[in-house]
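Q: build me a model from this:
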Amino acid sequence: MSVRNSPDGRSVQAVTAPPAWRELVPTFCIATATIGFAPVLHLANPALAITVEVLVGIAIVVSVPTYAPAIAIFVLFFQNMFVSILSPLVPLPSDLDFIKGYNFLVCSVMWLATFALYLLGQRNQSAEVNRIMRFGVVTLAVVSLYFAIGFGQTGQAAAVYLRNIVLPLFLFQLSLLTAATYEVRITPFLATLAVILMLCGYVELAFRDVWLAITNGYTFWGFDELKATHSGVWEAQMRATGNVPVDLKDRFSFDFLNTPLLEGFGLSKMLRIHGPNMHPISFAYGIGFLGLFLFSVGRPLLALAALPLLVFCSVKGALIVVVFVVAGWISTRLLGAVVTLLLGLLGLIAFAVVAIRIGLQIGDYHVIGLMGGLNGFLENPLGRGLGVGGNLSESYFSIDWSAAQAAGTIDGAVESAVGVLLYQMGIAAFVPLAFYFTVALKAWRLYASSGYLTQGLAGFGVMVVLLNGLFQEEALFAPLALGLMLSLAGLVIGSDVRMRTVAVEDAALAQLTGYQPVT
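A: Next up, the predicted model:
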């Protein structure tokens with residue numbers, strides 16, 4: 001690695017890329033050790049585990065900064081699998097929940113260390129990066145304000161919603177600052193990760209009992225059952241759906257895409273795939289993202305291998321992302337970038353209007369929850385604070401869904417990330433939503449000028465996930481949904497900034513000294 005100083009004093013890192021495997025092997029080893037030992041250390045001493053994870057996160061950013069975005073993605077996918085394997089050693093459900101939070105701790109520490117180095121001038125501080133970072137900091141400040149308001153009313157729920165909202169933003173800034181300063185080669189890592197995840201998915205699909213056995217899944221989900229029973233979640237779900245699960249596989253069984261619109265097609269119940277992250281919706285978004293990414297970097301066969309898993313996850317939102325992004329790619333080639341963007345935005349708006357209309361007609365819970373959020377916003381445009389309302393509120397378990405379906409709304413906001421944000425943050429909810437959309441437009445502008453499909457995936461992907469946020473809490477609050485898309489957006493935007501900065505510095509250096517950079 002060589003470091004050159006620009007005429008204005010900013011450092012620019014010029015990295016000679018080693019063979020892919022020389023980065024790939026240590027990245028996976030460090031990522032596995034980072035999150036694999038966290039449950040073991042926690043069982044020995046929670047304070048020791050927290051201290052070690054904090055030090056590891058800092059060490060990664062200081063010693064191997066180019067690995068940080070990849071490690072963040074890895075720990076989000078695999079944290080729960082390590083927790084599940086060690087779940088027989090966990091004494092209480094509360095301990096399990098705490099251990100599952102170490103991925104957030106590691107990602108937050110890596111973001112904080114990177115942000116601190118940015119403030120100290122050790123990361124790219126170009127005017128373009130500074131503008132994006134300022135908007136992000138304002139977004140964090142607004143969210144933190146509403147966290148403080150909500151924490152006094154419902155502390156635990158406020159903390160969970162704070163984590164859900166800020167983690168995608170952390171991932172974006174971590175990727176942006178890293179890629180703007182160093183050459184980050186993420187393609188070999190994501191391709192290898194996709195193969196590993198597909199193998200896990202197909203093993204779970206074909207050999208469910210084997211998968212549950214090797215991951216200690218029955219013990220892991222047993223803790224979840226205890227928590228659901230004590231909190232009233234099961235009772236609320238059984239009242240709402242009329243389904244009474246008998247065993248674990250009954251809990252995994254869903255109608256295809258979980259919608260009454262397909263009942264007439266004779267599609268029977270299916271066992272959803274949960275993946276190593278133990279969550280079907282998050283896993284579907286992750287597999288959909290990786291499938292699109294693989295196609296964008298010229299690996300179409302691997303991308304096609306991911307599609308059956310996406311279907312068996314039975315998640316509408318992830319399928320919608322794939323369809324809209326592919327349609328955007330095709331339309332750009334046929335009609336051009338500007339026309340595609342305009343048609344795409346009109347298409348997203350039309351889709352939202354139709355989905356809301358149909359949802360109200362069939363009594364869809366997500367649409368009802370969205371309408372509750374909109375009504376709550378009109379009643380109190382300034383908001384109520386994070387954690388007040390939403391799926392984590394105590395009132396969620398007492399919702400009379402039959403009455404809600406008849407009324408077309410509820411008192412509160414559930415099952416809709418946008419509805420929950422409007423209910424909790426009021427008009428301030430448009431700050432994070434505007435930030436996400438601005439990032440999407442920035443990535444799309446790069447795609448419009450370059451034609452690189454990966455940049456198009458980042459731009460279109462964030463926009464479609466925002467659409468899904470109208471009808472799904474997980475779309476904006478699950479890190480493998482919005483978080484992955486924003487992480488990719490940070491990488492493509494940061495990489496573009498770095499390449500333009502290096503080109504300018506090379507030109508300036510050549511003019512001053514006659515030096516010609518080696519390509």
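
Q: going forward, measure contacts and count neighbours with C-alpha atoms only.
A: Will do.

Q: hang on, residue 272 packs against residue 309?
A: No - at 9.3 Å, residue 272 and residue 309 do not qualify as touching, with contact defined as Cα atoms under 8 Å.

Q: more neighbours: which of the two?
A: More crowded of residue 272 and residue 309, by other Cα atoms under 10 Å: residue 272, with 27 against 22.

Q: which residues of the stretch 301-450 of the chain score low on pLDDT?
A: The stretch 301-450 of the chain contains residues with pLDDT under 70 at 394, 397-398.

Q: how about the strands in it?
A: For the stretch 301-450 of the chain, no strands are identified by DSSP state E, counting those that start in this stretch.

Q: what residues sit buried inside stretch 320-339?
A: 320, 321, 322, 324, 325, 326, 328, 329, 331, 332, 337 (16 or more other Cα atoms under 10 Å).

Q: residues in contact with the fourth one?
A: I take that to be residue 324. 460, 464 (Cα atoms under 8 Å, 6 or more residues apart in numbering).

Q: how about the third one?
A: Applying Cα under 8 Å, 6+ apart, one finds that residue 322 lies in contact with 288, 289, 292.

Q: rewinding a little: just the ones of the buried residues of stretch 320-339 in helices?
A: Assigned to helices by DSSP state H, the following of those qualify: 320, 321, 322, 324, 325, 326, 328, 329, 331, 332, 337.

Q: can you tell me how far the fourth one is from residue 475?
A: Translated: residue 324. From residue 324 across to residue 475, the span is 15 Å (Cα to Cα, to the nearest Å).

Q: just the third one next, same as before
A: The span separating residue 322 from residue 475 equals 14 Å under the rule Cα to Cα.

Q: go on, the fifth one?
A: Shown here: residue 325 relative to residue 475, a distance of 15 Å by Cα to Cα.

Q: figure out how far the lengthiest helix in the chain is from the centre of its chain.
A: Longest helix of the chain, by residue count under DSSP H: helix 484-513. Centroid separation for helix 484-513 versus its chain: 25 Å, with Cα atoms, centre = their mean, to the nearest Å.

Q: residues contacting the closest residue to residue 369 other than its chain neighbours?
A: Nearest residue to residue 369 in three dimensions, chain neighbours excluded: residue 414, at 4.5 Å (Cα to Cα, 6 or more residues apart in numbering). Shown in contact with residue 414 (Cα under 8 Å, 6+ apart): 366, 369, 370, 372, 373, 389, 390, 391, 396, 420, 473.

Q: which of those residues lies closest to residue 64?
A: residue 473 (34.2 Å; Cα to Cα).

Q: count the neighbours of the residue lying closest to that closest one once chain neighbours are set aside for me.
A: Closest residue to residue 473 in three dimensions, ignoring its sequence neighbours and counting by Cα to Cα, 6+ apart: residue 417, at 4.1 Å. The number of residues packed near residue 417 is 29, by other Cα under 10 Å.

Q: list the contacts of the strand or helix carrying residue 288.
A: Under DSSP states H and E, the secondary-structure element containing residue 288 is helix 280-296. Residues from elsewhere that reach helix 280-296, judged by Cα under 8 Å, 6+ apart: 77, 190-191, 194, 197-198, 272-277, 300, 302-304, 306-307, 309-310, 313-315, 317-319, 321-322, 452-454, 457, 474, 478-481, 484-485.

Q: that one vs helix 484-513, what angle?
A: 40 degrees (axes from the mean of the first three to the mean of the last three Cα atoms, to 10 degrees).

Q: check the offset of helix 280-296 from the chain's centre.
A: 11 Å.

Q: ramachandran coordinates for the residue nearest to residue 369?
A: Residue 414 adopts backbone torsions of phi -140, psi 160, taken as degrees, to the nearest 10.

Q: which single one of the contacts of residue 414 is nearest to residue 434?
A: Using Cα to Cα, these come closest to residue 434 at residue 420, 15.9 Å.

Q: ok, for the closest one, nearest residue in space, not its chain neighbours?
A: Residue 420 sits nearest to residue 413 (Cα to Cα, 6+ apart), 5.1 Å away.

Q: same question, residue 176
A: Nearest to residue 176 is residue 490, by Cα to Cα, 6+ apart, at 4.0 Å.

Q: give the contact list for the one you found.
A: 171, 172, 173, 174, 175, 176, 177, 179.

Q: try it again with 6 Å
A: 172, 175, 176 (Cα atoms under 6 Å, 6 or more residues apart in numbering).

Q: okay if I get those residues as JSON lines plus distance to residue 95 and neighbour count?
A: Below are the contacts of residue 490 laid out as JSON lines (distance: Cα to Cα, whole Å; neighbours: other Cα atoms under 10 Å):
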{"residue": "172", "distance to residue 95": "29", "neighbour count": "30"}
{"residue": "175", "distance to residue 95": "31", "neighbour count": "29"}
{"residue": "176", "distance to residue 95": "34", "neighbour count": "29"}
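
Q: any low-confidence regions in the chain?
A: Looking along the chain with the criterion set at pLDDT under 70, you get 1-21, 227-269, 394, 397-398, 505-506, 509, 514-519.

Q: any idea how far residue 434 is from residue 457?
A: Taking Cα to Cα, one finds residue 457 at 19 Å from residue 434.

Q: related to what we said a few turns ago, can I get the contacts of residue 322 in TSV with neighbour count and distance to residue 350?
A: Shown next, in TSV, are those (neighbours: other Cα atoms under 10 Å; distance: Cα to Cα, whole Å):
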residue	neighbour count	distance to residue 350
288	26	23
289	25	24
292	27	24
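
Q: out of these, who's nearest residue 158?
A: Nearest to residue 158 among the contacts of residue 322, with distances taken as Cα to Cα, is residue 289, at 28.7 Å.

Q: gap between the closest one and residue 282?
A: 11 Å.

Q: residue 466 sits in which helix or strand?
A: Judged by DSSP H and E, residue 466 forms part of helix 453-468.

Q: give me the number of residues near the closest residue to residue 479 other than its chain neighbours?
A: Leaving out its chain neighbours, the residue that sits closest to residue 479 by Cα to Cα, 6+ apart is residue 168, at 5.9 Å. Per other Cα under 10 Å, the neighbour tally for residue 168 reads 24.
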